[in-house]
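Asks: all I have is the shape, not the residue letters:
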């Protein structure tokens, strides 16, 4: 398993509810932050926050390595149509994150 296939739990991510009822990440491992920031439905605020603060956690080379690992993850099991839909969503958001923000 890759570090991005771990289920959310108290040891890798902590959520906090804001006053407006939205759930936000309070703390997380760098792998969870990369996973959440590169998911197909990622919050652009999370992406920006990660890019502004990652140097306090990892070096630029380490972040790039994590992004490359995330990009080269094995495909999920499923039929051909669902795999193509996954590739399309995953690739679109990863390219956007890497080339627009990084």
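Replies: Perfect, thanks for sending it. All values reported here derive from a predicted model rather than from experimental measurement.
Asks: which stretch of helix or strand covers residue 46?
Replies: Using DSSP states H and E, residue 46 sits in helix 44-53.
Asks: give me the distance between the next helix or strand after that helix and the centre of its chain.
Replies: Proceeding N to C from helix 44-53, the next assigned helix or strand is helix 60-71, under DSSP H and E. How far helix 60-71 lies from its chain's middle: 11 Å, per CA atoms, centre = their mean, to the nearest Å.
Asks: give me the helices and strands touching helix 60-71, please.
Replies: Applying 3 or more CB pairs under 8 Å, 6 or more residues apart in numbering; DSSP states H and E, one finds that helix 60-71 contacts helix 30-37, helix 80-96. Where you see a C-beta, it was placed from the backbone N, CA and C, and this is true even at glycine.
Asks: that one: which residues count as buried?
Replies: Buried residues in helix 60-71, counted by 16 or more other CB atoms under 10 Å: 63, 66-67, 70.
Asks: and the average pLDDT for it is what?
Replies: On average, the pLDDT along helix 60-71 is 91.
Asks: list the contacts of the residue positioned nearest the centre of the chain.
Replies: Centroid check for the chain by CA atoms, centre = their mean gives residue 35 as the closest residue, at 2.3 Å. Residue 35 sits next to 4, 70 when contact means CB atoms under 8 Å, 6 or more residues apart in numbering.
Asks: mind checking how far residue 60 is from residue 66?
Replies: Per CB to CB, to the nearest Å, residue 60 is found 11 Å from residue 66.
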